[in-house]
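Novice: pasted the sequence and its predicted model underneath.
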Amino acid sequence: MDDKIFNRARKRDEEAFLTLMRLYKDNVYYTGLAYLKNSEKAKEAVQEVTFRAYKNIHKVKKATAVKAWLVRITINYCLDEIKKSKRFQSGNDFTLIESSQSHDVTESLFLTEAIHTLRPKYQMVVIMKYYNDLTVNEIAESLKMPTGTVKTYLSRALTELRNYAERGI
C-alpha cells in the first residue's frame with residue numbers, strides 16, 4: 001500500500017480512505033462471511049466496519065497495520081452481532097464460504113463446519129491467518145498478544161482441525 005494514501009486517509013481525506021477500503025474490502029467481507037455465515041450480513045459488516053474505520057483511522061500508526069486492524073474491527077463487529085442475536089452457530093446451518101478459487105462444495109462445507117467447532121480464540125487466529133493471509137506478527141500486533149501465543153493458538157487449532165477431519169464428522 002502507498003504510504004501517501006495512508007497518510008492522507010489518516011487526515012480524513014475521504015478519497016484516500018475509500019481507496020484504502022477498496023483495497024481491503026474483500027478481506028472484510030470474507031471475514032464477516034466466515035463469522036456471520038450470511039452474505040447479506042457480511043455486506044452489512046463491510047458497511048459498519050467502513051464507518052468504524054473512518055472514525056478511527058487516525059489511531060493506526062503504520063500503513064502495514066491497516067489490513068490487520070480492519071480484520072480485527074470486523075471480527076469484533078461480528079462477535080457483537082452474534083451476541084446480539086443470542087445465537088451460537090449450530091452445526092447445521094453452515095454457509096459455503098465463497099472463494100475466488102474453485103472448491104469442492106463438500107470440502108468447503110466440511111472445512112467451514114470444522115472451523116466453527118474451534119474455540120473462539122482459535123477461530124480468530126485461523127481466520128486471520130488463512131482467510132486473510134496475515135502474518136503471525138500482524139496477528140499478534142492486531143490482537144495485542146505475544147507472537148508465541150499466536151503460534152500456539154494456530155498449532156492447537158490445526159491439531160483440533162486434524163482430529164476433526166480424522167473423525168470424519
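Specialist: All right, it came through fine. Small disclaimer: the values here were computed from a predicted structure and weren't measured.

Novice: how about the contacts made by the most centrally placed residue in the chain?
Specialist: The centroid of the chain falls nearest to Thr31 when counting by Cα atoms, centre = their mean (3.5 Å). Neighbour list for Thr31: 45, 71, 74-75, 78, 127-128, 131-132 [criterion: Cβ atoms under 8 Å, 6 or more residues apart in numbering]. Any C-beta I mention is one placed from the backbone N, CA and C, and that applies to glycine too.

Novice: now with 7 Å?
Specialist: With contacts defined as Cβ atoms under 7 Å, 6 or more residues apart in numbering, Thr31 is in contact with 71, 74-75, 127, 131-132.

Novice: so which of those wins on neighbours?
Specialist: Thr74 (30 neighbours; other Cβ atoms under 10 Å).

Novice: poorly predicted segments of the protein, please.
Specialist: Within the chain, the segments meeting pLDDT under 70 span 1, 86-108, 169.

Novice: rerun at 80
Specialist: 1-2, 85-112, 168-169 (pLDDT under 80).

Novice: buried set for the longest helix along the chain?
Specialist: Longest helix in the chain, counting residues (DSSP state H): helix 14-36. For helix 14-36, the neighbour count (16 or more other Cβ atoms under 10 Å) marks 16-17, 19-21, 24, 27-36 as buried.

Novice: with stretch 122-139 instead?
Specialist: So, applying 16+ other Cβ under 10 Å, buried residues of stretch 122-139: 122-129, 131-132, 134, 136, 138-139.

Novice: could you tell me the end-to-end distance of that stretch?
Specialist: 12 Å (Cα to Cα, to the nearest Å).

Novice: report the distance from it to the chain centre.
Specialist: 8 Å (Cα atoms, centre = their mean, to the nearest Å).

Novice: what sits up against that stretch?
Specialist: Contacting residues not belonging to stretch 122-139 are listed as 27, 30-31, 34, 67-68, 71, 75, 115, 118, 147, 150-151, 153-154, 156-157, 160 [Cβ under 7 Å, 6+ apart].

Novice: rewinding a little: neighbouring contacts of whatever helix or strand comes next after the longest helix of the chain?
Specialist: Next along the chain after helix 14-36, taking DSSP states H and E as the criterion, comes helix 39-56. Here helix 39-56 makes contact (Cβ under 7 Å, 6+ apart) with 17, 21, 25, 28-29, 32-33, 36, 70, 73-74, 77-78.

Novice: how far off centre is the longest helix of the chain?
Specialist: Its chain's average C-alpha position is 10 Å from that of helix 14-36, according to Cα atoms, centre = their mean.

Novice: that one to helix 39-56, inter-axis angle?
Specialist: For the pair helix 14-36 and helix 39-56, the angle between their directions (axes from the mean of the first three to the mean of the last three Cα atoms, to 10 degrees) equals 140 degrees.
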